[in-house]
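K.L.:
Kindly generate the corresponding structure for this input.
(one chain, ligands or ions: 2)
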Amino acid sequence: MSLTLKQVSDSKVTAAMMPYLKDPRLVRELAYVNGKWVSGNADLAVINPATDDIIGHCTQLQPLQVSQAIDAAERAFPAWRARLADERAAILMCWHDLILDNKEDLAVLMVLEQGKSLSDARGEIDYGASFIRWFAEEARRAYGETIPSHIPNAQLATLREPIGVAALITPWNFPSAMITRKAAAALAIGCTVLVKPANETPFSALALAELAERAGFPAGVYNVITGDGAELCGVLCRSDKVKALSFTGSTRVGKLLLEQAAATVKKCSMELGGNAPFIVLPDMDISAAARAAVDAKFQTAGQDCLAANRIFVPRAKYEDFLAAFAAGMAKIQVGNGFDEGVTMGPLIFRQAVDKAQAIVDDALAKGARLIAGDQRRAPGANFFMPTLLADVTPQMKVFREENFCPVAGVLPYDSIDALIPLANDTEYGLAAYVYGHDIRHIWQLMRGLEFGMVSVNSVKMTGHPIPFGGVKQSGLGREGSRHGFDEYSQIKYYCLGAMPTLSGS
Ligand SMILES: NC(=O)c1ccc[n+]([C@@H]2O[C@H](COP(=O)([O-])OP(=O)(O)OC[C@H]3O[C@@H](n4cnc5c(N)ncnc54)[C@H](O)[C@@H]3O)[C@@H](O)[C@H]2O)c1
Ligand SMILES: N[C@@H](CC=O)C(=O)O
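P.N.:
Ligands and ions are numbered 1, 2, ... in the order given. Okay, the predicted model is just below:
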C-alpha cells in the first residue's frame, strides 16, 4: 500500500519513503565515485525540517576517499574532453530527460529534506533541468576565433579548452538546481566534476547521480562526494589536480574557499550571499507593488539569495504600503510542504529560527515597529511566521545582514538621490528590484545600483539564458547564459608563424 504524502512526510526512516516513491532506487545514501556507490566510515542523519524526523542517513567520506575521487575524475578527463561535443550533448540530454521523467520523485525527496512546498520543488526540478538542456546546446557552439595577424606570415587564432577537474560545492536551499547549473556547464565543455552537496540535503544530489549513471556518463566523469564541508573542501582546495572551484553558498564560506584555493591558483567562481533592495517608485501602484514585494521576500521562506531583504517605499505612500504588504503576507499558508495549499515551508533547522528571532529582536530594540508576525501561530519548531518590520534603519541586522528568513524590513525614502546610496549601503551586490514606470527614475536606478542583476517590474528574473551572478561580496563570475562556460574553460591562443602568404612564397 503506498503511503500518502503526509505519511511520507511524517516517516521516520528512509524505508517509509520507499513505497511512495515511484522509483525507490533514487533514494541513495552512499557517495557516488568513479561509477560506484561508496561508503565512508560514518553516517549522518538527514532530517525532515517540517517534522524533525530522520528520513535517512548519508555516508560521510574520509579525506583519503576524496583524494581517490579526485584521481578518478582526473583519469576520466582526457577521454571525456576528447568526446565530440555532440556526444557529450547527447548524454546531457539523456540526463535531462531522465530528470524530468522522475520529476515527482525528485520533488518529493526535496520536500522531505529541504522543506519547500511540493510545487516549489517541482519548479526547481524544471529550473535545474533547463540548465542541462541549455548547456547541451551550447556545447556545440563553444567557438574560438581567428585574429587578423599583426605579425608577417603568421596565422593567429584561439581555442576554448576545458580546464579539467572541477569541484562544485553547493548549498541546501536549492539542492538540485544549484548543482545542475554548475555541472551542466562543466560537463558540456568537457570537464569532469566532483559535486559536494550540503549535508542537510544530500538526497537530491545523490538522486541526480543515480540518473547521471543511467544517462551513461562514463565512470569518473560525474562524482558526488558527501561529508563534512570543511574537511572535504579542504582536500579539494589543496589538490593541484582540481583546476576549477565553483561554490554556491554563504559569503563567509566563499571567502574561506578563496583563501584555500589560492595555494594552487584555481579558477574560482563564487555565487554568494545577497541583500536585495526592493524599490517602489513614486508612480507605482501600491497594491501591485506590495504583491510583488511579498513574492520577492518570501520565496523559499526567505531562504533565497534573491530575497528582497530591504524594501524602500516613498514616504507619502509608506503606511498604505505597510497595510497592503501585511494583507498580502496574511495569504501565505505556512506548513508542511506536502500539505495542499501550503506556500511556505519550514526553515532548514532550528538555528535558522533562532537567528530569525534574533533579527526581529535586534530591530525592535533599535526602534523598528512590528507590523505583523505572530510566532505563536508557527506550526512547528522549525517554522517562522512571515514577519513585517517597519521603520528599519541601516543600524539594524535586518538591514545589514543577509537575513535568509521570512522577515521583511521596510524603510521610507524621500528622494531617488537619497535612496541610491542607501540601497547600495551593503557589502552584497547580487540582485535588486525596481517597481515603477518613470523611465528616468528606472534608468537612474539601473545605472546607480551596485548589483549584478537588476529586475524591473518582475520578481522572476533568473533562468538558463541569463548571466546569474553578483558584484562586491556577492560573488565572482556568472552562471548560465552564453557566459557559463567561462568558469570551466580557458582560452588558448596560438600563433602559426612562417606560414606561406597569398602574395608570397
Ligand atoms: N548566489 C547564489 O547563486 C546563491 C544561490 C543559493 C544560495 N546562496 C547562498 O548560500 C547560502 C545558504 O546556503 P548554505 O547555508 O548551504 O551555505 P554555506 O556556505 O553554509 O554552505 C554551502 C556549502 O559549503 C559547504 N561548507 C560549509 N562550511 C564550509 C567550510 N568551512 N569550508 C568548506 N565548505 C563548507 C557546505 O557543506 C555546503 O555544501 C546563503 O548565503 C545564500 O545566499 C547563493
Ligand atoms: N533563487 C536563486 C537561488 C538562490 O538562492 C536562483 O534562482 O538561482
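
K.L.:
Neighbouring strands - and their directions - for the helix or strand containing Trp37?
P.N.:
Using DSSP states H and E, Trp37 sits within strand 36-38. Here strand 36-38 is paired, per DSSP bridges, with strand 31-33 (antiparallel).

K.L.:
What are the contacting residues of the strand it pairs with?
P.N.:
37-40, 59, 61, 65, 68-69, 72, 206, 209-210, 212-213, 222-227 (CB atoms under 8 Å, 6 or more residues apart in numbering). Any C-beta I mention is one placed from the backbone N, CA and C, and that applies to glycine too.

K.L.:
7 Å - rerun?
P.N.:
Strand 31-33 has contacts (CB atoms under 7 Å, 6 or more residues apart in numbering) with 38, 40, 59, 61, 68-69, 72, 206, 209, 223-226.

K.L.:
and if you look at stretch 86-105?
P.N.:
By CB under 7 Å, 6+ apart, stretch 86-105 touches 21-23, 26, 106, 122, 125, 129, 132-133, 135-136, 139-140, 184, 187-188, 190, 211-212, 214-217.

K.L.:
Would you mark the buried spots in that stretch?
P.N.:
By neighbour count on 16 or more other CB atoms under 10 Å, the buried set for stretch 86-105 is 88-92, 94-96, 98-100, 102-105.

K.L.:
Stretch 102-121 now?
P.N.:
For stretch 102-121, using 16+ other CB under 10 Å, the buried residues are 102-118, 120-121.

K.L.:
hey, C-alpha coordinates of that stretch in PDB?
P.N.:
Output in PDB follows, covering the C-alpha atoms of stretch 102-121 (Å, rounded to 0.1, in the frame of the first residue of the first chain):
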ATOM      1  CA  ASN A 102      11.500  11.400 -12.500                       C
ATOM      2  CA  LYS A 103      10.400  14.900 -11.500                       C
ATOM      3  CA  GLU A 104       7.800  13.800  -9.000                       C
ATOM      4  CA  ASP A 105      10.200  11.600  -7.000                       C
ATOM      5  CA  LEU A 106      12.900  14.200  -7.100                       C
ATOM      6  CA  ALA A 107      10.500  16.800  -5.800                       C
ATOM      7  CA  VAL A 108       9.300  14.500  -3.000                       C
ATOM      8  CA  LEU A 109      12.900  13.900  -1.900                       C
ATOM      9  CA  MET A 110      13.500  17.700  -2.000                       C
ATOM     10  CA  VAL A 111      10.400  18.500   0.100                       C
ATOM     11  CA  LEU A 112      11.400  15.800   2.600                       C
ATOM     12  CA  GLU A 113      15.000  17.100   3.100                       C
ATOM     13  CA  GLN A 114      14.700  20.800   2.400                       C
ATOM     14  CA  GLY A 115      11.100  21.600   3.300                       C
ATOM     15  CA  LYS A 116       9.900  23.700   0.400                       C
ATOM     16  CA  SER A 117       6.400  23.300  -0.900                       C
ATOM     17  CA  LEU A 118       5.900  20.500  -3.400                       C
ATOM     18  CA  SER A 119       5.000  23.000  -6.200                       C
ATOM     19  CA  ASP A 120       8.300  24.900  -5.500                       C
ATOM     20  CA  ALA A 121      10.200  21.700  -5.500                       C
END
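
K.L.:
quick one: average pLDDT of that stretch?
P.N.:
Across stretch 102-121, the average pLDDT comes to 97.

K.L.:
Is ligand 2 within reach of stretch 459-466?
P.N.:
Yes: with CB under 6 Å from any ligand atom as the criterion, ligand 2 is reached by stretch 459-466 at Thr462.

K.L.:
end to end, how far does that stretch reach?
P.N.:
14 Å (CA to CA, to the nearest Å).

K.L.:
any idea how far Gln260 lies from ligand 2?
P.N.:
23 Å (CB to the nearest ligand atom, to the nearest Å).

K.L.:
Could you list the low-pLDDT ranges of the protein?
P.N.:
Across the chain, the ranges flagged by pLDDT under 70 are 1-20, 503-505.

K.L.:
now Ala316, nearest residue through space, not along the chain?
P.N.:
Pro282 (7.4 Å; CB to CB, 6 or more residues apart in numbering).

K.L.:
just checking, that neighbour touches Phe312?
P.N.:
No: counting by CB atoms under 7 Å, Pro282 does not reach Phe312; the two are 11.3 Å apart.

K.L.:
Can you pick out the residue with more neighbours from these two?
P.N.:
Phe312 (23 against 16; other CB atoms under 10 Å).

K.L.:
So which residues on the stretch 351-500 of the chain come close to ligand 1?
P.N.:
Glu402, Phe404, Leu430, Gly475.

K.L.:
Number of residues surrounding the last one?
P.N.:
Neighbouring residues of Gly475 were enumerated by other CB under 10 Å; the total is 27.

K.L.:
Which strand residues bridge it?
P.N.:
Glu271.

K.L.:
these two touch, right, it and Leu272?
P.N.:
Yes: using CB under 7 Å, Gly475 is in contact with Leu272, at 4.4 Å.

K.L.:
Could you pull up the residues touching Gly328?
P.N.:
Gly328 neighbours (CB under 7 Å, 6+ apart): Ala290, Arg291, Val294.

K.L.:
Looking at the residues you listed, which one is closest to Gly448?
P.N.:
Distance to Gly448, by CB to CB, is smallest for Ala290 among the contacts of Gly328, at 24.0 Å.

K.L.:
Give me the phi and psi angles of that closest one.
P.N.:
According to degrees, to the nearest 10, the main-chain angles of Ala290 amount to phi -70, psi -40.

K.L.:
So it is in contact with Phe321, correct?
P.N.:
Yes: look at Ala290 against Phe321 with CB under 7 Å: they come within range, at 5.8 Å.

K.L.:
Looking at those two, which is more packed in?
P.N.:
Ala290 (25 against 22).

K.L.:
need the contact list for the nearest residue in space to that one that is not next to it in sequence.
P.N.:
Of all residues not flanking Ala290 in the chain, Ala324 sits nearest, at 3.6 Å (CB to CB, 6+ apart). Residues in contact with Ala324 (CB under 7 Å, 6+ apart) are Ile286, Ser287, Ala290.
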